[in-house]
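Undergrad: Quick one: sequence and predicted model below, then my questions.
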Amino acid sequence: MANEVEKQLYAKGIRTYILDGDNIRLGLNSNLGFSAEDRKENIRRIGEVSKLFVDAGVLVLTAFICPYEADRQMARNLFTVGGFIEIYVNCSLEICEQRDPKGLYKKARNGEIKEVTGITAPYEVPSSPELNIDTGKYSLKESAGRVIEYLIQQQILKIEQLKHHVI
Ligand SMILES: Nc1ncnc2c1ncn2[C@@H]1O[C@H](COP(=O)(O)OS(=O)(=O)O)[C@@H](OP(=O)(O)O)[C@H]1O
Ligand SMILES: Nc1ncnc2c1ncn2[C@@H]1O[C@H](COP(=O)(O)OP(=O)(O)O)[C@@H](O)[C@H]1O
């Protein structure tokens with residue numbers, strides 16, 4: 001979904017950078033696992049790195065599970081009001097298990113891996129996210145479109161920025 005949002009923003013001439021497991025957990029956070037303590041440190045470092053990107057004027061898309069409310073709050077506190085947008089990428093466990101793009105749920109059910117979010121590790125539902133997108137209901141394009149709409153509505157994407165592009 002972050003990739004789709006990036007694609008739609010790129011088409012509008014907006015520069016973004018995605019932080020996700022591929023570039024963070026394989027590099028900067030390669031020493032961290034999935035205990036509550038390690039997930040907290042994962043999010044703390046991601047928040048600090050995001051802040052550096054934001055200082056440089058880049059819109060950052062962070063695609064992490066971030067299952068604990070306290071960790072989301074910690075990240076939020078690093079930014080100005082309105083500078084942090086929490087998007088609850090909502091989906092039933094049933095649909096997540098049907099998708100299972102990496103076979104993670106299957107492995108969790110077989111007991112091959114431990115501490116898997118939704119199965120053997122908790123997921124605290126966001127209490128007041130800026131956006132709650134039910135991906136079981138909307139297509140990928142529609143879900144990403146809702147993020148773009150929110151950015152326009154909040155004037156984070158300004159009309160002047162978009163005047164040469166189709167909204
Ligand atoms: N035990 C366990 N629990 C949850 N996730 C696991 C686990 N082991 C590996 N993975 C893969 O790691 C990615 C999630 O990492 P995150 O950094 O987003 O997690 S967290 O925010 O620290 O909770 C996520 O990868 P992406 O799908 O690329 O995001 C998972 O597939
Ligand atoms: N509205 C939607 N938003 C996001 N993913 C969706 C949506 N509808 C279907 N999917 C599918 O769900 C899967 C999610 O996989 P992926 O993005 O790799 O998961 P993760 O969020 O764990 O990184 C993909 O196969 C994607 O095409």
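TA: Looks like it arrived, so ask away. All values derive from a computational prediction rather than experimental measurement. Ligands and ions are numbered 1, 2, ... in the order given.
Undergrad: For the rest of this, base every contact and every neighbour count on C-alpha atoms.
TA: Will do.
Undergrad: And residue 47, how close does it get to ligand 1?
TA: From residue 47 across to ligand 1, the span is 11 Å (Cα to the nearest ligand atom, to the nearest Å).
Undergrad: what residues are up against the residue nearest the centre of the chain?
TA: By Cα atoms, centre = their mean, the chain has its centre lying nearest to residue 63, at 2.9 Å. Contacts for residue 63 (Cα atoms under 8 Å, 6 or more residues apart in numbering) come out as 2, 18-21.
Undergrad: Break down the protein into its helices, ranges please.
TA: For the chain, applying DSSP state H gives helices covering 2-10, 21-23, 36-55, 69-76, 93-99, 104-110, 140-153, 159-162.
Undergrad: does the shortest one come close to ligand 2?
TA: No: against ligand 2, helix 21-23 shows no contacts by Cα under 6 Å from any ligand atom, the least distance being 8.1 Å.
Undergrad: Next one: that helix, is it in contact with ligand 1?
TA: Yes: shown here: helix 21-23 in contact with ligand 1 (Cα under 6 Å from any ligand atom) through residue 21.
Undergrad: what's that helix packed up against?
TA: Packed against helix 21-23, as judged by 3 or more Cα pairs under 8 Å, 6 or more residues apart in numbering; DSSP states H and E, are no other helices or strands.
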